[in-house]
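>>> A predicted structure for the sequence below; I have some questions about it.
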Amino acid sequence: MKPSNNIWIRRQQCPCGDWKCYIKYEGDDQTSASSQLGKSETTSTELVFTPYVGQIFKSDDDAFEYYSNFARKNGFSIRKARSTESQHLGIYRRDFVCYRSGFNQPRKKANVEHPRDRKSIRCGCDAKLYLTKEIVDGLAQWYVSQFSNVHNHELLEDDQVRLLPAYRKIQEADQERILLLSKAGFPINRIVKVLELEKGVQPGHFPFIEKDVRNFVRTCKKTVQENDALLTEKRENDTLELLEACKSVAERDPDFAYDYTTDENQKVENIAWLYGDPVRAYTLYGDVVTFDTTYRSITYGLLLGVWFGMDNHGKAILYGCVLLQDESSNSFTWALQTFVRLIRGRHPQTIVTDMELALRDAIARELPNTKHVVCIWHILSKLSSWLSFPLGSRYEDFKAEFDLLCHVENVEDFEHQWNLLVARFELVTDKHMALLFSYRGFWSLSYIRGSFLARTMAPEFSQSLHTFLKRILDGQTCLQAFFEQIGLAATVGNQNRDGARYMHIKTCLPIEEHARSVLTPYAFNVLQHEIVLSLQYAIQEMADGSYLVQHFKKMDGECFVIWMPEDEQIHCSCKEFEHSGILCRHSLRLLEVKNYFQLPERYFPLRWRRDQSPVPMDDQNAQSNNDECAQEFHALAEALLTESLISKERFNHVQREITGLLAEVRSMPVAEELSLNIPPNNVSET
C-alpha cells in the first residue's frame with residue numbers, strides 16, 4: 001500500500017452481512033486472479049515469433065516483455081543480467097539471460113550447527129538476448145545485438161512453467177482479500193481454498209502458489225505497523241486540509257454549507273458538505289434524492305456518500321458529499337441528520353440507495369415519512385457475483401427470468417413467480433435470494449410503482465451517476481484535491497443543461513402541440529413516446545364506469561382507467577403518472593377519445609415544466625425565440641422537400657442550391673446579436 005496516494009474502489013463488502021462474502025460489480029474493470037489467469041493463458045497461446053539479431057524495440061522494457069512471453073511459451077523464464085552505462089547515452093546495453101544462466105558462487109556458511117545446503121538451479125545455460133541502444137533521427141531505440149536459444153537443460157511443459165517464480169504474481173485485488181482473511185485468523189491453506197471457491201478457479205490453477213501467499217502475509221506483517229502510522233498521520237493531515245478547504249469555500253459562497261464531527265482526541269471523524277447552487281435547485285427538484293454509498297477509500301478506510309438529484313432536463317444534480325468513519329447505523333444516522341439540516345429541513349419525498357441494512361434502519365428512524373427505494377441497477381450489478389458460480393451455465397436463463405420478474409406490476413403475481421423462480425433454479429435456501437426477497441418492498445416494481453421516482457430508475461441515469469463517480473475517483477488524489485475536483489464537476493454538471501432545441505411533432509395531435517409548449521425537451525420526449533404508443537390501444541367502457549385499455553395485439557397487460565370529468569382527474573392502474581410524473585399511454589388514449597385538445601394543468605408537474613428551470617429569464621426568452629425560428633425553418637424545409645420530390649430535375653436543382661447555400665452560410669461571420677444556439681441540422685453534403 002502506498003501512503004502517498006488515496007485510492008478509491010467500489011465497496012466489495014456484501015450486503016448479506018457475512019464478512020467472508022464479497023461482491024464484484026457486473027461491468028466493473030476489476031482485476032482478479034481468475035481474469036489474470038485467463039490473460040496469461042491467452043498470452044501463452046498467442047503466436048510469439050522467435051527473436052532475431054537486428055530486431056528493433058522502442059524500449060528495453062518492451063524487449064523484456066517480448067522475450068519473457070517467448071520464454072514462457074517455450075518452457076523457461078528469463079532474468080535481467082548485466083547493464084552497461086555511459087556518460088552521454090546513459091544505459092546503452094541490456095543483457096537478458098535464461099533463469100538457469102551462470103553458476104552460483106559458493107558462500108560462506110553461517111556458523112550454525114546444521115546449515116542449509118540448497119541445490120542451485122543454475123547450470124551455466126547460454127540462452128540469452130543482448131540489447132544495444134542507438135540514436136536514430138534524435139530518437140532512442142533498442143536493437144537485438146546477440147541472441148541464442150540453445151539450452152543445456154530440459155524445458156518445462158506449460159503446467160510446470162507457470163510455477164516458475166517469474167510468473168507467480170498476486171494481483172492487488174487478491175492481496176486485499178488475503179490480508180483480510182489473514183487478519184481474521186484464517187490459516188494460509190484455508191485462505192487459498194476460499195479464494196479458489198470465490199473466483200471459481202480449479203485447485204492449483206491460480207497464478208501463484210501457497211508459498212507465495214505465505215511470503216506475502218509474512219512481509220506485510222513486518223511493515224503493517226509502519227504503514228499504519230504513516231497512513232494515520234496522512235489521514236489526519238488530509239482531513240484537516242479538507243476542513244480548511246470547506247471553510248474557505250464557505251467564506252466565498254454563503255450558500256455553501258458543511259458540518260463535521262470529531263473524536264475524543266479532537267481529530268476530524270466525519271465531514272459533510274453541500275454546494276450552494278444545488279441547494280437552491282433543491283427547492284424545485286428535492287422530491288427525489290439518490291444517496292450513493294458504493295465507493296470507499298482503501299487508503300483511509302473512509303466511506304464516501306454522494307447526494308444526487310435529477311432536474312427537469314433529466315440531468316444529475318450533485319448536491320454534496322459526506323465522508324464517514326465507518327458503515328455503522330450511527331454514521332448513516334449522522335449523515336442523514338446533517339443532510340436534512342444543511343438542506344434547511346426539507347425532507348425528500350423519496351430516497352434511492354443501495355442495499356445496506358444499517359442505512360435502511362437509519363432512514364426508517366430519521367426520514368419516517370420518506371419512501372425508501374433500493375435502486376434495481378445496484379441489485380442487477382451484484383447478481384453475477386452472487387449466482388453465476390452456483391448456477392453455472394444456467395445463470396443466463398436465470399438472469400433473463402429475473403429481468404422479467406422485475407417488471408411484474410402485481411404483488412400477488414410477483415410473489416407467485418418468485419416462488420416458481422427459486423424452485424426451478426434450486427435457490428430456495430440461497431442466502432442472497434433470501435436477502436433480496438426480504439428487501440422486495442424496496443426494489444420490486446409491484447411494491448414501489450405508486451411511489452414518485454422522477455425517472456431516476458432509468459438505466460441511463462444510473463449509468464451516468466456511476467460514470468461521473470468513476471471519472472472523479474479514478475485519479476489517486478488527496479482529499480483536498482478530490483474536494484476541488486468534485487466541486488468543479490458539480491459546477492460544470494449543473495450548468496450543462498439542455499439548450500433550446502427544436503422538438504419534432506410526430507402525431508399532429510393537439511395535446512402533443514400543447515405538451516411541447518409546456519414541458520422541457522427531456523420530459524416532452526418521454527411523453528411524446530407515450531402519445532405515439534397510445535394510438536395502438538383500444539378502449540372499452542366497463543359497467544362500473546371505468547375503462548379497459550388494451551393493446552390491439554395484446555402485447556402487454558390490460559389496464560383499467562378511471563375518469564372523473566367534474567374535476568378532470570384520471571387514474572390508471574399502471575400508476576405511471578404517480579411513478580414518474582408523466583402520463584401513461586393508457587390515460588392519454590382515454591383523453592384522446594374524450595376529444596381533449598390540451599392536457600389538464602394538473603398533469604404538468606412543476607418539476608417537468610420548462611418555465612421552472614433555474615435559469616435567468618433572458619435565457620428562457622432566448623429559448624422561446626429560438627423555438628419560433630426553428631419552427632419557421634422546418635415549415636419551409638418541409639414545403640421545399642415536398643416540391644422537390646415531384647421530379648428528378650427539381651430534386652437535383654434543390655440539392656445543388658442547398659449545397660451552395662450551405663457553403664455560403666458557413667463562410668459568413670457570426671452576428672453576436674443573432675446567435676441562436678441551435679444544434680446543426682444533419683444536412684448531407686453530396
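The structure has been received and is ready for your questions. Here the structure is a predicted model, which means the values were calculated and not measured.
>>> now do the phi/psi pair for the spatially most central residue of the chain.
Nearest residue to the geometric centre of the chain (C-alpha atoms, centre = their mean): residue 466, 3.2 Å. The phi and psi values for residue 466, taken as degrees, to the nearest 10, are phi -60, psi -40.
>>> would you list every one of the helices in the stretch 401-550 of the chain?
For the stretch 401-550 of the chain, the helices defined by DSSP state H, counting those that start in this stretch occupy 411-424, 431-438, 440-443, 445-448, 459-473, 479-495, 510-518, 521-534.
>>> with distance to residue 260 and mean pLDDT as added columns, please give those helices in a markdown table.
For every residue, glycine as well, the C-beta is placed using N, CA and C. Listed next are the helices of the stretch 401-550 of the chain as a markdown table, based on distance: least, C-beta to C-beta, whole Å; pLDDT from 0 to 100:
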| stretch | distance to residue 260 | mean pLDDT |
| --- | --- | --- |
| helix 411-424 | 43 | 94 |
| helix 431-438 | 33 | 94 |
| helix 440-443 | 30 | 94 |
| helix 445-448 | 34 | 92 |
| helix 459-473 | 21 | 86 |
| helix 479-495 | 12 | 76 |
| helix 510-518 | 43 | 93 |
| helix 521-534 | 36 | 94 |
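>>> nearest to residue 193, of those?
helix 431-438 (19.6 Å; C-beta to C-beta).
>>> how far does the closest one sit from the chain's center?
24 Å (C-alpha atoms, centre = their mean, to the nearest Å).
>>> what's the angle from that helix to helix 411-424?
170 degrees (axes from the mean of the first three to the mean of the last three C-alpha atoms, to 10 degrees).
>>> buried residues in helix 431-438?
For helix 431-438, burial by neighbour count (16 or more other C-beta atoms under 10 Å) applies to 432, 433, 435, 436.
>>> kindly report the same for stretch 355-369.
355, 356, 358, 359, 360, 362, 363, 366, 367.
>>> which residues does it contact?
Stretch 355-369 has contacts (C-beta atoms under 8 Å, 6 or more residues apart in numbering) with 15, 17, 291, 293, 327-329, 331-333, 335-337, 340, 347-348, 351, 353, 370, 372, 374, 378-379, 435, 439, 442-443.
>>> mind checking which of the helices of the stretch 401-550 of the chain is nearest residue 167?
helix 459-473 (31.0 Å).
>>> okay, that closest one in CSV with CA atoms only?
The C-alpha trace of helix 459-473 is given here as CSV (Å, rounded to 0.1, in the frame of the first residue of the first chain):
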residue,chain,number,x,y,z
PRO,A,459,-30.8,2.8,-16.7
GLU,A,460,-29.2,5.8,-18.5
PHE,A,461,-29.5,7.9,-15.3
SER,A,462,-28.0,5.2,-13.0
GLN,A,463,-25.2,4.7,-15.5
SER,A,464,-24.5,8.5,-15.7
LEU,A,465,-24.1,8.6,-11.9
HIS,A,466,-21.6,5.6,-11.9
THR,A,467,-19.7,7.2,-14.8
PHE,A,468,-19.5,10.5,-13.0
LEU,A,469,-18.1,9.0,-9.8
LYS,A,470,-15.7,6.7,-11.6
ARG,A,471,-14.3,9.6,-13.6
ILE,A,472,-13.8,11.7,-10.4
LEU,A,473,-12.4,8.9,-8.3
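>>> right, and the helix or strand after the helix-or-strand element of the chain with minimal mean pLDDT?
Every helix and strand of the chain was ranked by mean pLDDT, DSSP states H and E. The lowest is helix 33-45, at a mean of 40. Downstream of helix 33-45, the first helix or strand assigned by DSSP states H and E is strand 56-57.
>>> now name the helix or strand holding residue 176.
Residue 176 belongs to helix 172-183, assigned by DSSP H and E.
>>> got a list of what residue 278 touches?
Contacts of residue 278 (C-beta under 8 Å, 6+ apart): 309, 317, 318, 319, 320, 490, 494.
>>> let me know the secondary structure of the fourth one.
Local secondary structure at residue 319 is given as strand here, using DSSP: H, G, I helix; E, B strand; the rest coil.
>>> and residue 474, how far is that from residue 278?
Look at residue 474 and residue 278: by C-beta to C-beta, to the nearest Å, they are 23 Å apart.
>>> residue 513 too?
From residue 513 to residue 278 the distance is 34 Å (C-beta to C-beta).
>>> now swap in residue 480 and tell me
20 Å.
>>> same deal with residue 374?
24 Å.
>>> kindly report the same for residue 303.
Residue 303 sits 21 Å away from residue 278, going by C-beta to C-beta.
>>> longest helix of the chain?
As assigned by DSSP state H, the longest helix anywhere in the chain is helix 210-252.
>>> give me the angle between that one and helix 172-183.
Using the same axes, to 10 degrees: helix 210-252 against helix 172-183 is 100 degrees.
>>> helices or strands up against helix 210-252?
Where contact means 3 or more C-beta pairs under 8 Å, 6 or more residues apart in numbering; DSSP states H and E, helix 210-252 is packed against helix 172-183, helix 188-199, strand 257-262, strand 268-274, helix 479-495.
>>> for residue 572, what are its contacts?
With C-beta under 8 Å, 6+ apart, residue 572 has these contacts: 549, 559, 560, 561, 562, 584, 586, 587.
>>> run the last query once more with 10 Å
By C-beta atoms under 10 Å, 6 or more residues apart in numbering, the contact set of residue 572 is 547, 549, 559-563, 578, 583-590.
>>> for these, which one is nearest residue 136?
residue 585 (68.2 Å).
>>> how close does the nearest residue to residue 328 once chain neighbours are set aside get to residue 269?
Among residues not flanking residue 328 along the chain, residue 358 sits closest, at 5.8 Å (C-beta to C-beta, 6 or more residues apart in numbering). Distance of residue 358 to residue 269, given as C-beta to C-beta: 17 Å.
>>> same check, this time on residue 668
From residue 668 to residue 269 the distance is 62 Å (C-beta to C-beta).
>>> list buried residues within the contacts of stretch 355-369.
Buried among the contacts of stretch 355-369 by 16+ other C-beta under 10 Å: 15, 291, 293, 327, 329, 331-333, 335-337, 340, 347-348, 351, 353, 370, 372, 374, 378-379, 435, 439, 442-443.
>>> circling back: with distance to residue 401 added, can I get the helices of the stretch 401-550 of the chain in a markdown table?
Shown next, in a markdown table, are the helices of the stretch 401-550 of the chain (distance: least, C-beta to C-beta, whole Å):
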| stretch | distance to residue 401 |
| --- | --- |
| helix 411-424 | 6 |
| helix 431-438 | 13 |
| helix 440-443 | 16 |
| helix 445-448 | 15 |
| helix 459-473 | 19 |
| helix 479-495 | 37 |
| helix 510-518 | 37 |
| helix 521-534 | 25 |
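>>> nearest to residue 254, out of the ones you listed?
Residue 254 sits nearest to helix 479-495 of all the helices of the stretch 401-550 of the chain, at 15.8 Å, using C-beta to C-beta.
>>> noted, bye for now.
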